[in-house]
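Enquirer: how does the following fold in three dimensions:
(chains A, B, C and D)
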2 protein chains.
Amino acid sequence: MSYDPSAFPPFAVTVDLVVLTVRRHSLCALAVRRGEPPFQGRWALPGGFVREDEDLTQAAARELLEETGLRAHDPAVPAEPPQDNGAHLEQLATYGDPGRDPRMRVVSVAHLALAPDLPAPRAGGDAGEARWAPVEELLHPSGPEQDAPLAFDHAGILADGVERARSKIEYSSLATAFCPPEFTVGELRRVYEAVWGVALDPRNFHRKVTGTPGFLVPTGGTTTRQGGRPAQLFRAGGATLLNPPMLRPEV
Amino acid sequence: MSYDPSAFPPFAVTVDLVVLTVRRHSLCALAVRRGEPPFQGRWALPGGFVREDEDLTQAAARELLEETGLRAHDPAVPAEPPQDNGAHLEQLATYGDPGRDPRMRVVSVAHLALAPDLPAPRAGGDAGEARWAPVEELLHPSGPEQDAPLAFDHAGILADGVERARSKIEYSSLATAFCPPEFTVGELRRVYEAVWGVALDPRNFHRKVTGTPGFLVPTGGTTTRQGGRPAQLFRAGGATLLNPPMLRPEV
DNA sequence: GCAAAAGTGTTTTACTTACACCCATGG
DNA sequence: CCATGGGTGTAAGTAAAACACTTTTGC
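Expert: Next up, the predicted model:
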């Protein structure tokens, strides 16, 4: 059965990525510099067109791989074949204001990715330059030209992604996506502190996360990479939903 | 600056609606019967193409008005001009599998609407027939031809919408969107019971909702429409986030 | 009076918070 | 030996679950 293309307006569909990581005690997002108009020279979120034969999630995973080398673990696909790097990828929201792209009507399906600190940003195919920037700098730019507001409506998309991450680590085990495969309770606590921008009591945090069933499983190893007394190493447990949830201190 | 249309594949973009209400103690969704192939004669979610000049939210609000007569209150627009019917509308998720529509590549931006019981379904422009159906019947069809599975991937979209509603009434005041402008604590409790499919203790529920700041404001009136002792009438308070949240009993 | 729904009080239990205190390592 | 981070114990406050009990209507 064929279909009359004049019956509906054609759209371009893209995926944009909010890729978050924790570096040096602060929450950072991946930004790429635009090499062409519009917004040439300005920072933007990585992204690109969805191809004819691929799913939205596949398109997001492909862009993530191209821009960062990260192979995401799709929560919708239980068995992940080769090796994902533990990065988490999920759909965030869709942005389709007419005029959000001056060239034409573009609908962007934004995705949220959470990654451990390890990878250095690598220049993808399209982007000549990429960097990890503290989200505060990107959302509240103040200073040199380099800190101009993000292109398009990307500041709003980034803000939505940050808010999603902040709320989701409350009731899910997603914070472990910011950690390497093995990590200490203190490292996990510093993730929460960076994402939420608060200080947490180390003693109560320790009791809470080790007492939440399925959150953490000890590997048996210890490390002293943070200094002080050796700390137990943990892997992420099977639980995805935390019960009871972590409580974010009042503002 | 013009743009080369051959550089990207063209998509059709639609909005599909998960419209939920509580009728006769059970959670129901709006379904329309398809008048043309594919899936002719099968039930589907209401929806339609996004127009050239409208935002995604506008498109969803337009479809909701056409299908139900409901004028939605958009949380993103603080001041709502004439009269919304108290219906809530928000973006749910976007579905873009190649092959989800056999005719062509369609990306659907699904929206979730919550409405009070009042309206009888009215046949919209496209749809010849519409009905409120218990979500259990739509998701787990068993019986006559009328209960065949929903068209396209709409069963999955509906399931996602129901799950969103179930979790969101835990920590937000959204349950009031299922109630008329003035309602009793018992009516609100029956909303929670229908959406969650559980029984709640009326005494503890009463204490909890009246004790949560900003959730309910008494209007001064009382009603006896439920039988028994007259109950105070309330309006929805200004709070959107509930603290502490309502707790859904374990399964 | 009786059924039915509204609303209050009380007890038990669970969890959070705040903070005192001890442990094990590197320098 | 001391600074640093890891980890345990404990008491006070807060909130949820369970349930006895009173209130106010319609019939």
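Enquirer: looking at this, A:Asp160 is in a strand?
Expert: No - with DSSP: H, G, I helix; E, B strand; the rest coil as the criterion, A:Asp160 is located in helix rather than a strand.
Enquirer: contacting residues for it?
Expert: A:Val18, A:Leu92, A:Ala93, A:Ala110 (Cβ atoms under 8 Å, 6 or more residues apart in numbering or on different chains). Using the backbone N, CA and C atoms, a C-beta is placed for each residue, glycine as well.
Enquirer: got these as TSV, with neighbour count and secondary structure columns?
Expert: Shown next, in TSV, are those (neighbours: other Cβ atoms under 10 Å in any protein chain shown; DSSP: H, G, I helix; E, B strand; the rest coil):
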residue	neighbour count	secondary structure
A:Val18	25	strand
A:Leu92	25	strand
A:Ala93	21	strand
A:Ala110	26	strand
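Enquirer: farthest-separated two in these?
Expert: A:Val18 and A:Ala93 (10.0 Å; Cβ to Cβ).
Enquirer: what do these two both touch?
Expert: A:Ala110, A:Ile157, A:Asp160.
Enquirer: of those, closest to DNA strand C?
Expert: Nearest to DNA strand C among the shared contacts of A:Val18 and A:Ala93, counting by Cβ to the nearest atom of the strand, is A:Asp160 at 26.0 Å.
Enquirer: so what pLDDT did the closest one get?
Expert: Note on A:Asp160: pLDDT of 98.
Enquirer: please apply the same query to A:Val185.
Expert: A:Val185 is given a pLDDT of 98.
Enquirer: what number of residues lie near the closest residue to it other than its chain neighbours?
Expert: In this structure, A:Val185 finds its nearest non-sequential neighbour in A:His206, 5.0 Å apart by Cβ to Cβ, 6 or more residues apart in numbering or on different chains. A:His206: 18 surrounding residues under other Cβ atoms under 10 Å in any protein chain shown.
Enquirer: show me the contacts for the closest residue to A:Trp43 other than its chain neighbours.
Expert: Setting aside the residues directly before and after it, A:Trp43 is nearest to A:Ala31 in space (Cβ to Cβ, 6+ apart), at 4.3 Å. Residues near A:Ala31 by Cβ under 8 Å, 6+ apart: A:Trp43, A:Ala44, A:Leu45, A:Pro46, A:Ala130, A:Arg131, A:Trp132, A:Ala133, A:Leu138, A:Leu150.
Enquirer: sheet partners, orientation included, of the helix or strand containing A:Ala31?
Expert: According to DSSP states H and E, A:Ala31 maps onto strand A:26-33. Strand A:26-33 has its sheet partners listed here by DSSP bridges as strand A:12-23 (antiparallel), strand A:43-44 (antiparallel), strand A:130-134 (antiparallel).
Enquirer: which one of the ones you listed lies closest to DNA strand D?
Expert: Using Cβ to the nearest atom of the strand, those put strand A:12-23 closest to DNA strand D, at 15.1 Å.
Enquirer: circling back: go back to the shared contacts of A:Val18 and A:Ala93 and keep what's next to DNA strand D.
Expert: Among the shared contacts of A:Val18 and A:Ala93, proximity to DNA strand D is found for none (Cβ under 7 Å from any atom of the strand).
Enquirer: and of those, the nearest to chain B?
Expert: A:Ala110 (9.4 Å; Cβ to the nearest Cβ).
Enquirer: so who does the nearest residue to that closest one once chain neighbours are set aside touch?
Expert: Take A:Ala110 and drop its neighbours on the chain: the residue closest to it by Cβ to Cβ, 6+ apart is A:Leu92, 4.3 Å away. Residues near A:Leu92 by Cβ under 8 Å, 6+ apart: A:Val18, A:Ala110, A:His111, A:Leu112, A:Ile157, A:Asp160, A:Gly161, A:Arg164.
Enquirer: tell me what the second one is bridged to.
Expert: With beta bridges defined as DSSP bridges, A:Ala110 has these partners: A:Asp16, A:Ala93.
Enquirer: so what's it up against?
Expert: Contacts for A:Ala110 (Cβ under 8 Å, 6+ apart) come out as A:15-18, A:45, A:91-95, A:157, A:160-161.
Enquirer: is it possible to export these to TSV including distance to DNA strand C?
Expert: Output for these, formatted as TSV (distance: Cβ to the nearest atom of the strand, whole Å):
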residue	distance to DNA strand C
A:Val15	36
A:Asp16	35
A:Leu17	33
A:Val18	28
A:Leu45	34
A:Gln91	29
A:Leu92	27
A:Ala93	29
A:Thr94	34
A:Tyr95	35
A:Ile157	31
A:Asp160	26
A:Gly161	26
